[in-house]
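Participant: sequence? don't have it. structure:
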């Protein structure tokens, strides 16, 4: 049996989160681990551009961009466990 390397992410949503983190559109709360919106419109646009130009294998550019947009819609700008500032 030949071992083949597994892809880093197994789901389209996981891939979208990875792209968004890479460009700085989202970040992780250091204390609790929740994803937070970075509120950077340029980073969001870079993530959508990556999705359109380099979608994961077997995924259309439109579906990849939709996955990025969907993840952005699900992530808030604050950590739900951190006290309000």
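Facilitator: That came in fine, so what should we check first? Because the structure is predicted, anything quoted here is derived from the model rather than measured. Numbering: from 1, shown residues only.
Participant: what's the distance between the spatially closest residue to residue 50 that is not a sequence neighbour and residue 37?
Facilitator: Spatial nearest neighbour of residue 50, excluding adjacent residues (CB to CB, 6 or more residues apart in numbering): residue 19 at 5.3 Å. C-beta here means a position set from N, CA and C on the backbone, and glycine is covered the same way. Computed as CB to CB, to the nearest Å, the residue 19 to residue 37 distance reads 14 Å.
Participant: and the residue nearest to residue 50, what element?
Facilitator: Using DSSP states H and E, residue 19 maps to helix 12-23.
Participant: Give the buried residues for that helix.
Facilitator: Buried residues in helix 12-23, defined by neighbour count with 16 or more other CB atoms under 10 Å: 12, 15, 16, 17, 19, 20, 21, 23.
Participant: Could you count how many residues lie near the residue nearest to the fourth one when sequence neighbours are not counted?
Facilitator: Taking CB to CB, 6+ apart, and ignoring the residues beside it in sequence, residue 17 has residue 71 as its nearest neighbour in space, at 5.7 Å. The tally of other residues near residue 71 (other CB atoms under 10 Å) stands at 23.
Participant: Run through who's touching the helix or strand that contains residue 71.
Facilitator: Element membership of residue 71, judged by DSSP H and E, is helix 61-74. Helix 61-74 is contacted from outside by 12-13, 15-17, 19-20, 25-26, 37, 44, 47-48, 51-53, 55-56, 59, using CB atoms under 8 Å, 6 or more residues apart in numbering.
Participant: go with 10 Å
Facilitator: 11-20, 23, 25-26, 35, 37, 44, 47-56, 59-60 (CB atoms under 10 Å, 6 or more residues apart in numbering).
Participant: what's the answer for stretch 15-27, then?
Facilitator: 7-9, 11, 28, 34-51, 54-56, 59, 64-72, 74-75, 77.
Participant: ok, back up a step: quickly note the distance from the residue nearest to residue 50 to residue 83.
Facilitator: Distance from residue 19 to residue 83, counting by CB to CB: 30 Å.
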